[in-house]
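In: Got a predicted structure here, sequence first:
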Amino acid sequence: MEIIYSKIDPKKILHMIHRVDEFYTIKDGHRRDIVDEKEFIQSAAMNMNKGHSLQAHKHIWKPGEKECIAQESWVVIKGSVEVLMYDLDGTLIETPILYPGDSSVSLYGGHAYVVLEDDTLVYEYKTGPYKGQENDKVIIGESK
């Protein structure tokens, strides 16, 4: 897994890339947590064979956080996407390319995406609730 740390705060993980080939390093029927359990967004990779099942369940309501940040993940299904990953101060620090099966997770740093092929398909996941663009993001180079 590619882990991108802040240059300003070197212990702070800003972004992560999980490549499709990494699924094959997980034992059958097991999962690997990609994101630490203390983060708002959760992500895991699972490698499962035919017949594997997960016990039926539902999730319970629990008290929300008083303050949170939207964390975002993209999973490329088809095509390719360049991810521009920014540090806490808006400085560009990495520009990986995601291919089918790859995922990115942005925890605290800024990000932008450039689609490199026609008909690119991507799933986006992020923490909610969504309370409108004006309450969700600030454009890098602008202050809120």
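Out: Yep, that arrived.
In: what is the mean pLDDT for stretch 118-131?
Out: When the per-residue pLDDT values of stretch 118-131 are averaged, the result is 87.
In: Go ahead and measure how far that stretch is from the middle of the chain.
Out: How far stretch 118-131 lies from its chain's middle: 10 Å, per Cα atoms, centre = their mean, to the nearest Å.
In: Also stretch 125-144?
Out: Once both centres are worked out by Cα atoms, centre = their mean, stretch 125-144 turns out to sit 16 Å from its chain's centre.
In: Also stretch 94-103?
Out: 11 Å.
In: repeat for stretch 17-31
Out: 16 Å.
In: who's in contact with the closest residue in space to N47 that isn't next to it in sequence?
Out: The shortest distance from N47 to any residue that is not its chain neighbour, by Cβ to Cβ, 6 or more residues apart in numbering, is 4.0 Å, and that residue is I26. Bear in mind the C-beta positions are built from the backbone N, C-alpha and C, glycine included. Shown here is I26, whose contacts under the criterion Cβ atoms under 8 Å, 6 or more residues apart in numbering are R32, A45, M46, N47.
In: Tell me, what's the model's pLDDT at K66?
Out: The predicted structure scores K66 at 69 on the pLDDT scale.
In: Show me the contacts of I26 that map onto strands.
Out: Under the assignment DSSP state E, the contacts of I26 contribute R32, A45, M46, N47 to strands.
In: In TSV, list those residues along with neighbour count.
Out: Converted to TSV, the ones in strands among the contacts of I26 look like this (neighbours: other Cβ atoms under 10 Å):
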residue	neighbour count
R32	16
A45	18
M46	13
N47	16
